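Asks: Below: sequence and its predicted model.
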Amino acid sequence: MSISRREFFKTAAAASVAVSVPGSFGVFARGSDTIKVGVIGCGGRGTGAAIDCLNADAGVEVVALGDLVPDRIESSLKRLTEAFPTRVKVPADRRFTGFDSYKGVLSIPDVNLIVTAAPPGFRPIHLRAAVEAGKHVFMEKPVAVDPVGIRSVIASSDLAAQKGLAIVAGTQRRHQQLYLELMKRIHDGQIGEVVSAQCYWNMGDLWVRKREPNMTEMEWQCRNWLYFTWLSGDHIVEQHVHNIDVVNWAMGAMPKNVMGMGGRQVRVAPEYGNIFDHFFVEFEYPNGVRVASACRQTKGCAERVEERIVGTKGVALSSGEIRGEKPWKFDVKERNPYVLEHVDLIASIRGGKPLNEGRQIAESTMCAIMGRMSAYTGRAMSWEWAMNSSKLDLTPACYEFGPNAVEPVAVPGTTPLV
Ligand SMILES: NC(=O)c1ccc[n+]([C@@H]2O[C@H](COP(=O)([O-])OP(=O)(O)OC[C@H]3O[C@@H](n4cnc5c(N)ncnc54)[C@H](O)[C@@H]3O)[C@@H](O)[C@H]2O)c1
C-alpha cells in the first residue's frame, strides 16, 4: 500500500463507520420523541435486544411483535412485560405470525425502530422492507447467508443512508469499551505494523430443537435453524463473524483472497441439518498480511473464543491487553455492550446523525461466507470474484409451511463453486 496502514485506517474509518446526515429527511424519533419498537423474530436474541433497547433509553416502548410462530410471540411478550410492565404495549392486533409477519410489524405507522433477529437467511428481506418502510433498524448479525443476500443488504444500507435512517448491527464488540480502547491503540501504532492475526470461535455443542409430529419440514428447519446453511449460513457465519469482524476492524480492510477447509465429523445426525462442525480459513489482506481463523462446535474439545493481532512491536489480545514495547491493560468496569449498541443507535437517531453500520457488517459477513464457500468446495477465491460474480443464492423455492428438501452436505473437491 502506498499510504501507511494507520493513515489508511483513519481515512477508511471516517468514510464508513458513522454516516452523518445533517439536515436529512430522517426525522423520525428525533430529539425527545418516544421511540416505538417493532420486533421481527421474537426468539432469545430478538427479545433480548428489545430489552437492551428498553434499558438503553427511558423513551423507548415496544409496540409490535412479529414471529414465524405464535408460541415465540407469547414467550417473548411474557419476558418483555415482566421486565418492563409499563413500556411494552402490544395489543393482540399488533402481534403478527407467519412468513409475512414482518409486513404486519412494518405496517404499523408509529413504529419507528425495528429490531430484526429472525434467522440470518431472512435478514436481507426484512432489512429491505424495513428501510423501504422508512424505519430505523437494529439488526442482528450475521446479515445474510450468501453473496446475493450480501449485495441486497449493501443496497438497502445505501438506501437507508439516502433516507437518513440508522442501521446498527449486533456486533456488540464495535460498541464495547475494551475493544474501542484496544483498536485505538492498534490504529495509533502501539503494536507497530500489523503482520498477522488469529481469531477463533471454538466451543462445544449448542441447542437442538426437536421435530414434533405435527411440524412440517419447513417449520422444523426454521425452528432448528442453526443447522441449515440456507438459514444460518453455517456456524462460521452465524458465530465466527464476530471474530472475523474484529480482525477486519483492526486491519482497516477486507481480505482480498480466502482459502478454507472444514468438515462434518462428529455432528452427523439428521437433526444437525447440513452444516459442518469445524472450519479453518486463511484470509489474505491487500497488504499481504495473512490471518488464520478457526471455528469449531464439538463437545469435549478445547475451547477458545478470542482475537489476537500481531504487530512488529507487540501483540494485542482481545482479553484487553497489549504485550510488547508499549504494554497496556484494560482494567475498567464496563457497561454491558449489548445495551451500549442501543445507546449509540438511539443517540444517533435523536441527534439526527444516524449511524449506518450496514455495509460494515455486510462485508464482515461476506468474509465468513467466503470462508464457508471455500471450505465447502475446496476452492480458493478472491473477494472481487465472490462480491461481484458469485451467483450463490440459498433462498428456498417458496416460503410456506410444507416440504423443503435439505441440500446434501458439501463435499470439498466435488461441491461446485457457484
Ligand atoms: N449478537 C449476539 O451476540 C447474538 C447472540 C445470539 C444470537 N444472535 C443472532 O440473533 C439471531 C437470532 O438468534 P436467536 O438466538 O434469537 O434464535 P432463536 O431461535 O431463539 O430466535 C429466532 C426467532 O426467529 C423466528 N423466526 C424464524 N423465521 C422467521 C421469519 N421468517 N420471520 C419472523 N420470525 C422468524 C423464530 O420463530 C424464533 O422465534 C441470529 O441471527 C443470531 O445469530 C446474536
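Replies: Okay, I see it. Numbering: from 1, shown residues only.
Asks: State the distance from S348 to the ligand.
Replies: Here S348 is placed at a distance of 19 Å from the ligand (CB to the nearest ligand atom, to the nearest Å). All C-beta atoms are positioned from the backbone trio N, CA, C, and that covers glycine.
Asks: close enough to count as contact, that residue and L355?
Replies: Yes: applying CB atoms under 8 Å, one finds S348 in contact with L355, separated by 4.2 Å.
Asks: The two: which is more packed in?
Replies: Just comparing S348 and L355: by other CB atoms under 10 Å the higher neighbour count belongs to L355, 25 against 22.
Asks: Which residue is the nearest non-sequential neighbour of the residue in the chain that the ligand sits nearest to?
Replies: Among residues of the chain, the one nearest the ligand by CB to the nearest ligand atom turns out to be G43. It sits 1.8 Å away. Take G43 and drop its neighbours on the chain: the residue closest to it by CB to CB, 6 or more residues apart in numbering is R72, 5.7 Å away.
Asks: give me every residue that touches G262.
Replies: By CB atoms under 8 Å, 6 or more residues apart in numbering, the contact list for G262 reads I236, F276, H278, F279, F280, V281, R372, A375, Y376, P412.
Asks: how does it look with 6 Å?
Replies: With contacts defined as CB atoms under 6 Å, 6 or more residues apart in numbering, G262 is in contact with F276, H278, F279, A375.
Asks: On the pLDDT front, check the third one for me.
Replies: The predicted local confidence for F279 comes out at a pLDDT of 99.
Asks: repeat for D33
Replies: For D33, the predicted pLDDT is 86.
Asks: what about the residue nearest to it when sequence neighbours are not counted, how many neighbours?
Replies: Distances taken as CB to CB, 6+ apart put G59 closest to D33, at 7.4 Å, once the chain neighbours are dropped. For G59, the tally of surrounding residues (other CB under 10 Å) stands at 15.
Asks: Need phi/psi at G59.
Replies: phi -90, psi 30 (degrees, to the nearest 10).
Asks: shouldn't it be in contact with K36?
Replies: No: the criterion here is CB atoms under 6 Å, and G59 misses it with K36 at 9.7 Å.
Asks: And the helices in the stretch 151-300 of the chain, which stretches?
Replies: Using DSSP state H, counting those that start in this stretch, the helices of the stretch 151-300 of the chain run over 177-187, 217-223, 229-232, 235-238, 241-251.
Asks: which of the ones you listed sits most buried?
Replies: Ranked by mean neighbour count, the helices of the stretch 151-300 of the chain are led by helix 235-238 with a mean of 29 (mean count of other CB atoms under 10 Å).
Asks: Show me what that one is in contact with.
Replies: The list of residues contacting helix 235-238 from outside it, by CB under 6 Å, 6+ apart, reads P142, S232, F279, C295, Q297, A368, I369, G371, R372.
Asks: With stretch 367-387 instead?
Replies: Stretch 367-387 is contacted by residues 147, 234, 236-237, 240-241, 244, 254-262, 279, 281, 410, 412-413, 415, 417 when judged by CB under 6 Å, 6+ apart.
Asks: now stretch 300-317
Replies: The contact list for stretch 300-317, computed with CB under 6 Å, 6+ apart, reads 182, 186, 191-203, 243, 246, 250, 318, 322-325.
Asks: do the same with stretch 132-145
Replies: Judged by CB under 6 Å, 6+ apart, the contacts made with stretch 132-145 from elsewhere in the structure are 45, 106, 113-117, 120-121, 123-124, 127, 130, 150, 153, 165-171, 233, 237, 241, 345, 349, 361-362, 365, 394.
Asks: Just the buried ones among those, please.
Replies: Under a neighbour-count criterion of 16 or more other CB atoms under 10 Å, the subset of these counted as buried comprises 45, 106, 113-117, 120-121, 123-124, 127, 130, 150, 153, 165-171, 233, 237, 241, 345, 349, 361-362, 365, 394.
Asks: so who does the residue lying closest to A169 once chain neighbours are set aside touch?
Replies: Take A169 and drop its neighbours on the chain: the residue closest to it by CB to CB, 6+ apart is I361, 3.7 Å away. The contact partners of I361, by CB under 6 Å, 6+ apart, come to K141, V143, A169, T171.
Asks: Contacts (any at all) between the ligand and the one helix or strand A130 maps to?
Replies: Mapping A130 onto the secondary structure by DSSP states H and E places it in helix 123-132. No: no part of helix 123-132 sits near the ligand under the criterion CB under 6 Å from any ligand atom; the closest distance found is 7.2 Å.
Asks: State the mean pLDDT of that helix.
Replies: Confidence over helix 123-132 (mean pLDDT, whole number) is 98.
Asks: in its sheet, what does the helix or strand just after it sit against?
Replies: Per DSSP H and E, the first helix or strand lying C-terminal to helix 123-132 is strand 136-139. According to DSSP bridges, strand 136-139 forms sheet pairs with strand 113-116 (parallel), strand 167-169 (parallel).
Asks: With only the CA atoms kept, save strand 136-139 in PDB.
Replies: Output in PDB follows, covering the C-alpha atoms of strand 136-139 (Å, rounded to 0.1, in the frame of the first residue of the first chain):
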ATOM      1  CA  HIS A 136     -34.600   2.800  11.600                       C
ATOM      2  CA  VAL A 137     -33.100  -0.700  12.200                       C
ATOM      3  CA  PHE A 138     -31.200  -2.700  14.700                       C
ATOM      4  CA  MET A 139     -30.300  -5.900  13.000                       C
END
